[in-house]
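Q: What shape does this take:
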Amino acid sequence: MVLAALWRRGPLSFVSLIEEVKAAHPWGDATIKTLLHRLMQKGAVKSVKEDGRQRYHAELSRDAYVAGEVGALVDRLFDRDPAALAAFLARPSIVD
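A: Got it, this is the predicted structure:
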């Protein structure tokens with residue numbers, strides 16, 4: 001949800017990021033801070049000092065994130081065959 005807030009709102013101060021995430025989830029500040037630091041360690045989020053304040057922004061685009069997640073899904077559930085995923089999604093029981 002930290003990344004989703006940054007994708008939705010763009011660069012945010014820590015306080016604004018906390019408020020944005022809390023508006024969608026009942027998480028505590030410490031939980032959000034932990035998630036933010038993990039995302040920073042992975043290179044998905046960066047911080048830049050602007051006007052004397054740290055502002056956080058997503059380094060990982062939403063498209064890149066979705067592509068990675070879909071790729072992992074295809075690898076794990078469809079034996080690395082994207083056509084098998086497409087066929088599964090096109091099944092009448094899924095579409096209806």
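Q: So which residues make contact with stretch 79-95?
A: Val70, Leu73, Val74, Leu77, Phe78 (C-beta atoms under 8 Å, 6 or more residues apart in numbering). C-beta coordinates here come from the backbone N, C-alpha and C atoms, glycine included.
Q: Neighbours of the second one, how many?
A: Leu73 is surrounded by 12 other residues when neighbours are defined as other C-beta atoms under 10 Å.
Q: Correct me if wrong, but it is in a strand.
A: No: with DSSP: H, G, I helix; E, B strand; the rest coil as the criterion, Leu73 is located in helix rather than a strand.
Q: so how far is Arg91 from it?
A: Note on Leu73: its distance to Arg91, by C-beta to C-beta, to the nearest Å, is 16 Å.
Q: cool, the last one as well?
A: When C-beta to C-beta is the yardstick, Phe78 and Arg91 sit 13 Å from each other.
Q: out of those two, which sits in the more crowded spot?
A: Neighbour tally, Phe78 and Arg91, criterion other C-beta under 10 Å: the higher count belongs to Phe78, 15 against 9.
Q: Could you say which helix or strand holds the residue lying closest to the more buried one once chain neighbours are set aside?
A: Closest residue to Phe78 apart from its sequence neighbours, by C-beta to C-beta, 6 or more residues apart in numbering: Ala84 at 4.0 Å. Using DSSP states H and E, Ala84 falls within helix 82-90.
Q: what do you get for Glu69?
A: Going by DSSP H and E, Glu69 is part of helix 62-77.
Q: what residues go with each domain of this protein?
A: The record's domain parsing of the chain by the TED database lists 2-58, 61-91.
Q: Give the buried residues for the last one.
A: If I follow you right, that is domain 61-91. Val74 (16 or more other C-beta atoms under 10 Å).
Q: Show the end-to-end separation of that domain, please.
A: 30 Å (C-alpha to C-alpha, to the nearest Å).
Q: any weak-confidence spans in the chain?
A: 94-96 (pLDDT under 70).
Q: if you skip the residues just before and after it, what's nearest to Lys49?
A: Arg55 is the one closest to Lys49 (C-beta to C-beta, 6+ apart), at 7.7 Å.
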